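In: Requesting a structural model of the entry that follows:
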Amino acid sequence: QVQLVESGGGLVQAGGSLRLSCAASGRPFSSYAMGWFRQAPGKEREFVAAITWSIRTYYADSLKDRFTISRDNAKNTVYLQMLSPKPEDTAVYYCAADSRPYYSGSNFPRADFTSWGQGTQVTVSS
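Out: From the prediction side, this is the model:
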């Protein structure tokens, strides 16, 4: 089982920037894809971005111009850089670890992410 701890959430003004971090432990980090999801009040948890073991990145279509996912395998950490956030980006952001080692596809259903962090609140003020 992977342990994931997110940090970096908080209150940010629209148009600013924010970087979320997620520290992982409990299994080899570099062999698996990592992802970010988010859940706004009253809504389903939705995919934000994923980064594979080979550093390929994938984004929700509506976010790819403003969000950047990256990873530092030496630090067992994955990041989500949010640029020009909007009030509609307000949500709890969750880090998640994919269960498929060396996965090289482009599909990241929630069911394949079997380890989750506790979530970090991001609030974007207008």
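In: which ones are touching F29?
Out: With contact set as C-beta atoms under 8 Å, 6 or more residues apart in numbering, F29 has these partners: N73, N76. Glycine gets a C-beta too; all of them are placed from N, C-alpha and C.
In: From what I see, F113 and R100 are in contact.
Out: No. Using C-beta atoms under 8 Å, F113 makes no contact with R100, being 9.6 Å away.
In: between these two, who's got more neighbours?
Out: It is F113, of F113 and R100, that has more neighbours when counted by other C-beta atoms under 10 Å, with 23 against 16.
In: For that one, give its distance to S126.
Out: Noted for F113: a distance of 31 Å to S126, by C-beta to C-beta, to the nearest Å.
In: hey, which strand is longest across the protein?
Out: When the chain is parsed with DSSP state E, its longest strand is strand 91-101.
In: So which other helices or strands are in contact with the helix or strand that that one is followed by?
Out: Next helix or strand after strand 91-101 toward the C-terminus (DSSP states H and E): strand 113-116. Judged by 3 or more C-beta pairs under 8 Å, 6 or more residues apart in numbering; DSSP states H and E, the packing partners of strand 113-116 are strand 3-7, strand 91-101.
In: I figured R19 hits G8, correct?
Out: Yes. Counting by C-beta under 8 Å, R19 touches G8, with 5.5 Å between them.
In: Compare neighbour counts for the two and give me the winner.
Out: Using other C-beta under 10 Å, the more surrounded residue of R19 and G8 is G8, with 16 against 13.
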